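# Generate a structure from the sequence data that follows.
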Amino acid sequence: MLGFSRRKGRVMCDGRLSHIAFIMDGNGRWAKRRGLPREAGHVEGSRNLERILRACLDRGIVTVTVYAFSTENWRRPEKEVSAIMGLLTSYLKRAREEQDQNKVHVRVLGDISVFEGEVQESIRLLDAETAHYQHTLNIALNYGARQELVTAVNRLLAEGREQVTEQDISEALYTAGQKDPDLIVRTSGECRTSNFLLWQSAYAEYAFVKTPWPAFGEKELDGVLRDFYQRHRRFGGL
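Down below sits the predicted model:
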């Protein structure tokens with residue numbers, strides 16, 4: 001017995017898969033293959049985020065985390081970074097306007113101090129205004145897992161801690177209070193974690209798919225969900 005049910009062709013998830021995370025890779029390559037500028041790939045990738053978020057929630061998943069912009073992505077061409085920041089600003093504005101119909105708690109994981117003051121305020125307001133919703137979308141922005149761990153440890157040291165537990169560290173991370181991801185999906189064929197959720201992914205299952213993020217649809221989503229339920233998670237035991 002695989003442990004999931006089907007509803008109108010969809011894979012419906014139970015409590016064993018309540019948090020899924022995506023490394024949304026391949027926007028630029030998707031665009032290049034179509035003779036388009038890389039920025040066009042990010043636009044389509046942003047649209048697909050909204051489609052896949054809704055598909056995940058419709059399948060019973062409670063929390064979705066996406067890797068949108070890493071601490072290393074600032075090294076990309078200025079034009080591309082500017083386009084991504086423009087998409088971020090547009091998304092934050094739209095998410096606040098449509099929060100009552102989306103019904104999702106939107107949180108940003110990462111160091112937001114690098115963003116303009118208006119963007120920082122939008123992030124904080126969106127978090128506060130949507131905090132009462134059951135479902136959560138975590139957007140990792142200016143995020144790096146090593147940087148997250150350093151920030152957490154420094155926070156604990158500033159509190160005067162001389163010894164810490166795993167629980168202490170978990171509660172000092174950006175994801176404090178959330179369940180760790182059950183499944184992490186990376187699109188576009190690359191098989192690496194790229195400094196994403198290193199602490200939280202200790203016992204996560206991984207799925208690496210060749211489809212680039214803009215083309216990753218409900219068919220591909222159901223494929224990785226079915227594969228997840230065919231695995232036996234041991235968490236270090238037998």
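# how distant is stretch 172-187 from the center of its chain?
8 Å (Cα atoms, centre = their mean, to the nearest Å).
# which ones are touching Lys93?
By Cβ atoms under 8 Å, 6 or more residues apart in numbering, the contact list for Lys93 reads Ser122. All C-beta atoms are positioned from the backbone trio N, CA, C, and that covers glycine.
# element containing it?
helix 78-97 (DSSP states H and E).
# for Ala176, same thing?
Judged by DSSP H and E, Ala176 forms part of no helix or strand.
# Tell me which helix or strand comes right after the helix holding Lys93.
Next along the chain after helix 78-97, taking DSSP H and E as the criterion, comes helix 99-102.
# mind listing the strands for the chain?
5-7, 10-12, 19-23, 63-70, 104-109, 135-143, 183-186, 205-208 (DSSP state E).
# Make TSV from those strands and add mean pLDDT and mean neighbour count to it.
TSV is the format used below for those (pLDDT from 0 to 100; neighbours: other Cβ atoms under 10 Å):
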stretch	mean pLDDT	mean neighbour count
strand 5-7	57	10
strand 10-12	93	18
strand 19-23	98	25
strand 63-70	97	24
strand 104-109	97	22
strand 135-143	97	23
strand 183-186	98	24
strand 205-208	98	17
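# Dump these into JSON lines; add distance to Gly217 as well.
Shown next, in JSON lines, are the strands of the chain (distance: least, Cβ to Cβ, whole Å):
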{"stretch": "strand 5-7", "distance to Gly217": "17"}
{"stretch": "strand 10-12", "distance to Gly217": "12"}
{"stretch": "strand 19-23", "distance to Gly217": "13"}
{"stretch": "strand 63-70", "distance to Gly217": "15"}
{"stretch": "strand 104-109", "distance to Gly217": "20"}
{"stretch": "strand 135-143", "distance to Gly217": "18"}
{"stretch": "strand 183-186", "distance to Gly217": "13"}
{"stretch": "strand 205-208", "distance to Gly217": "15"}
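# Of those strands, which is nearest Arg155?
In terms of Cβ to Cβ, the element of those nearest to Arg155 is strand 104-109, at 14.9 Å.
# mind listing what the closest one pairs with, with the direction of each?
Partner strands for strand 104-109, per DSSP bridges, with pairing direction: strand 135-143 (parallel).
# what does the strand it pairs with rub up against?
21, 53, 57, 62-71, 74, 88, 103-112, 114-115, 174-175, 178, 196-197.
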